[in-house]
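Colleague: need a structure here:
(2 chains)
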Amino acid sequence: MALIENTKCDCGHNNPVGTVLCESCGKPILEQDQQATSPLDMRYEGMSRRSQLADKTIIDQVWSFFSSVKIAIYMIIIILIASAIGTVLPQENQFLPGINYEKFYIDTYGWFGKLYYESGLSNTFNSWWFSLLLLMLGTSLVICSLDRVIPLHKALKKQRAKKNPQFILRQKIQTTLEEADLRQSPESYMNAMEEQLKKKRYQVIREKDALLAEKGRFSRWGPYINHIGLIIFLLAALLRNIPGWYEDHMIRIMENEIVSVPGTSYFIENEKFTLEFYDPATLPDALKQEGSERVTPKLYQTDAILYECTGDCYTTTPQLKELIRHPITVNDPLRYEGLKFFQIDFELGKLKSVDVKLAHEETGQVFGQFNLDFYEPGTEFSVGEYQVSVVQYFPDFEIEMNGDTPTLITKSRVPNNPAFTFKVTGPLSPKGDVVLYAPLNKPISDKINDTLGAQYSIAGTMQDVHFVNSTTLNYRVEKALPFFFVGAFISMIGLVMGFYWQHRRIWINEVDGKILLGAHTNKNGFGLRQDIVDTSSKVGVVIPMEQLKDGVKVK
Amino acid sequence: MKLIDFSVTMFMFAFGFYIAAALLYAFSVTGKRWGKSDPADHISRWSRYGYWTAVAGVTSHLIYFITRWIAQGHIPVSNLFEFMSFLGLAIMVAFIIIYRIYRLPLIGAFALPVGIIIIAYAAVFPMESQPLIPALNSNWLKIHVTMAALGESFFAVGFATGLMYLLKAVDQSKPSKQTFWLEFTLVVVIMLIGFIAVTFTFRALGYEAIYTQINPKNNQIEEVVYQIPAIFKPQQGEVIKADPFFGTSFTGFEAPGIFKGMNAGRKLNTVVWSIISGLLLYGLIRLIIRERLGRSMSKITESLDPELVDEITYRAIAIGFPIFTLGGLIFAMIWAEVAWGRFWGWDPKEVWALVTWLFYAAYLHLRLSLGWQGLRSAWLAVIGFVIVVFTLIGVNLMIAGLHTYAGV
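Modeller: Have a look, this model is predicted:
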């Protein structure tokens, strides 16, 4: 049902429904507002907005909901509180994948951890409801801005100098100057003020008995430009969902290893990993005196080579073409056509391989030796007259009791405690003997080998062990990155426009031989009052600062 | 004299100048009733002295900053002492900018002490230089940290003027919710002062106690050093050595249930000491003034124009907001992108920078669109700075993340 409202102003102007101040003369539209004496509500120049239409379809209602600044503030506050709660315990994404989150939260934080995990708070920032909140805030940004910027633009374009006396005298900054104050004709005062205000770089609109001086109007667009930037920023976050626009993987590479980059035909090699500490002797004096006994790392560096595969890509011997070499350090990734590799983590002295000797169990006669790699163990080794084949490999070996039968299992794929079972075929054992080799669990493997009755021993010494350094790189693609930064940049321009300049307006009208002076700004009223005091005193009319507020009220 | 020692000396000078400047400003406002001279003349003369003393403080502080930079070879904003000290400098600069716009001497009597407390708090942390760890070795460090601090320093000035507004506008003739929370805010500030006083007292006495504690992260036994006597010792902590505390051999109660972490017991002890010393200090003040502190302080703000103070608070925040957006969020994102390959990773410090930003964004919308001015606006300015302080210090003390500095 349409509300019937009289929106025709005394000055003869027809205003749309929802108008607060007459579009033409600025007189308050509503009866009760005309009776009041409090300062006028100058937001959006008192214009009618789409969200205030009386007739409401569903779309109008949705529009009204999202166009409310109150709702927007509620959304900001909810996001703020949710974010804060999301930092109470570490989020799941702060750990390397593969751990049992539920167990971790319960073990570490008890009942609170359980609650935190089960309510989904441990994954706040990747949750659907948090994304929904951001999406709603984004919608609100768009609708709030559209709902206000269009009427505001219209209002500021068709401003008049002649205003209703109520409009002028109910500004926060206002005063009335009688003839006695002026000591000149109102018209000559207005002429002189026009000149002075122009000197202060005000734009002046002059009608016969009215003057409007305006400055810094463009700052009114600041908030909307800022919002456009924020909208672009949020849209960029949506762009990440386009396949190939966003990649984020951890790649662990040992020295001299070449691994494939997930989802691409590229390969990357870690030629060398370097960890350097500050040398106390070379530190500046200031750091030497107290900090020298402390060991502070200075550099983490991976010398990386990026290759492109040109053939046999899915075999163990792909054909590679070198593309680029780069020493990756913490603040300096390898970049190649949108792919980026960042230094994230490292591991020094990892068990890599061992040279083992095949020997006769009793006599100790050595038949030969071979290199056993804990990462790529291979399957067959020729050792002199003997053939050694890998039956099973347990990188992280443990014995589990299966009823009464001991069973060999592996706990993970990381060679923390490697064990091999080999089948050795040769002159001594044409059918093949099974031998267990578990270098870190010698007593157990000896015992098992005894029961197996093997005629061979396989052993290596500490000197035969090879260690290797490995690096962890973070492989990333973020094609939306320019959009994020363009959004942030536009937003910044809007903020600077809106906050470091102010829109100042001064209305001076002559009514019955008196001067009515009113002024409005959304910020820095102090500066605007100073402008008025300065200009007016220059034309011979001293207005005390205090008189500009709490001055004459409307009768 | 070594350059680094000269630098420390300049820091001490700056601290002295700031205290003198704050006193001069306070005297310019309060002293006008005693003197024989004309009150307006008194205010303008003593606030001028205050202003130039503050400028001298900023100059010495800048010399400290530059000489330390030269001496250690990298910008001194890379540990908590250096950062808080820089924040103090930025607050002084922000104060001078706001003061030059509005020329209100009382701002000096409120904003300068905020900066002074921040600087004194900085000195609680280890002052020695440290080599730069690889993650901080970037030009974006300089620009991100300094801009963020400058933005936050305007929020600090907004906090000071917000407090001034509350002292002026809250009706102190009878107790109310408003007087309670205002008094509470003042007590928290006094607790911070109490904490600083306690730390320096025991440091001067050379107090030390060492406890062992099982680190729950790796089940190793590690040592925890207390520099103030233990009211609460670590959970299942054993005393290795404890200097006598006023002649008693009391070595502390065991920290209760939830304070399990490696330094949780020591941090709890610090908080308890702050509360006790703050309350004692507050009690002493109450004994002397025999009324609410807020009521007593409201006499200084009597002559204030509340609308002007309201506008100054808003203006300080409006100036700080774009700077904070640029330094605390945009430059931070650029640096994170350069260093870690992701401009945003929901690290606790990042989240709290966002929380700060959202809070001030809400403040601005409430004020500009919903007309929240005066009291409500002043309360928000006070709460906002509490969030800033939590982001800077609380996150480091309570929530670990990528921004954990050494020495905390």
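Colleague: wait, residue B:79 touches residue B:127, no?
Modeller: No: with contact defined as CB atoms under 8 Å, residue B:79 does not count as touching residue B:127 (9.2 Å). In short, each C-beta sits where N, CA and C put it, glycine included.
Colleague: neighbour count: these two, which is higher?
Modeller: Using other CB atoms under 10 Å in any protein chain shown, the more surrounded residue of residue B:79 and residue B:127 is residue B:79, with 22 against 16.
Colleague: any idea how far residue B:149 is from that one?
Modeller: Using CB to CB, to the nearest Å, residue B:79 is found at 14 Å from residue B:149.
Colleague: how about residue B:82?
Modeller: 11 Å.
Colleague: just residue A:109 next, same as before
Modeller: Applying CB to CB to residue A:109 and residue B:149 gives a distance of 33 Å.
Colleague: around chain A, pick out the residues from the stretch 51-200 of chain B.
Modeller: B:68, B:71-73, B:101-102, B:128-131, B:133-135, B:137-138, B:140 (CB under 8 Å from any CB of the partner chain).
Colleague: farthest pair within those residues?
Modeller: B:102 and B:134 (44.6 Å; CB to CB).
Colleague: next one: the residue nearest to residue B:168 when sequence neighbours are not counted, what pLDDT does it get?
Modeller: Spatial nearest neighbour of residue B:168, excluding adjacent residues (CB to CB, 6 or more residues apart in numbering or on different chains): residue B:301 at 4.2 Å. Here, the pLDDT recorded for residue B:301 equals 88.
Colleague: list the contacts of residue B:301.
Modeller: B:106, B:164, B:167, B:168 (CB atoms under 8 Å, 6 or more residues apart in numbering or on different chains).
Colleague: next helix or strand past the least confident helix or strand in chain A by mean pLDDT?
Modeller: Lowest by mean pLDDT, DSSP states H and E among the helices and strands of chain A is helix A:285-291, with a mean of 53. Going down the chain from helix A:285-291, the next helix or strand is strand A:297-311, by DSSP states H and E.
Colleague: next, see if that following strand gets close to chain B.
Modeller: Yes: using CB under 8 Å from any CB, strand A:297-311 comes into contact with chain B via A:297, A:298, A:299, A:300.
Colleague: SS state for residue 12?
Modeller: All of this is about chain A. Following DSSP: H, G, I helix; E, B strand; the rest coil, the label given to residue A:12 is coil.
Colleague: so what pLDDT did it get?
Modeller: 78.
Colleague: separation between it and chain B?
Modeller: 31 Å (CB to the nearest CB, to the nearest Å).
Colleague: report the buried residues of stretch B:125-135.
Modeller: Buried positions in stretch B:125-135, judged by neighbour count with 16 or more other CB atoms under 10 Å in any protein chain shown: B:125, B:127, B:128, B:129, B:130, B:131, B:132, B:133, B:134, B:135.
Colleague: closest to residue B:381 among those?
Modeller: Of the buried residues of stretch B:125-135, the one sitting nearest to residue B:381 (CB to CB) turns out to be residue B:125, at 27.0 Å.
Colleague: how about that closest one, secondary structure?
Modeller: coil.
Colleague: just the strands in the stretch 101-250 of chain B please.
Modeller: Secondary structure of the stretch 101-250 of chain B by DSSP state E, counting those that start in this stretch: the strands cover B:209-215, B:220-226, B:232-233, B:238-242.
Colleague: among the ones you listed, which is nearest residue A:434?
Modeller: The nearest among the strands of the stretch 101-250 of chain B, by CB to CB, is strand B:220-226 at 41.1 Å.
Colleague: is any residue of that closest one near chain A?
Modeller: No: using CB under 8 Å from any CB, strand B:220-226 stays clear of chain A, with a minimum separation of 15.5 Å.
Colleague: which elements pack onto that strand?
Modeller: Judged by 3 or more CB pairs under 8 Å, 6 or more residues apart in numbering or on different chains; DSSP states H and E, the packing partners of strand B:220-226 are strand B:209-215, helix B:264-289.
Colleague: give the buried residues for stretch B:271-281.
Modeller: B:272, B:273, B:274, B:277, B:278, B:281.
Colleague: kindly report the same for stretch A:519-531.
Modeller: Those would be A:519, A:520, A:521, A:522, A:523, A:524, A:525, A:526, A:528, A:529, A:531, for stretch A:519-531 by 16+ other CB under 10 Å.
Colleague: quick one: contacts for whatever residue of the stretch 101-250 of chain A ends up closest to chain B?
Modeller: Per CB to the nearest CB, residue A:125 is where the stretch 101-250 of chain A lies closest to chain B, at 4.2 Å. Residues in contact with residue A:125, defined by CB under 8 Å, 6+ apart, are A:83, A:86, A:91, A:93, B:346, B:351.
Colleague: repeat that with 10 Å
Modeller: Counting by CB atoms under 10 Å, 6 or more residues apart in numbering or on different chains, residue A:125 touches A:82-83, A:86-87, A:91-93, A:131, A:134, B:344-346, B:351.
Colleague: which among these gets closest to residue B:191?
Modeller: Nearest to residue B:191 among the contacts of residue A:125, with distances taken as CB to CB, is residue A:87, at 23.7 Å.
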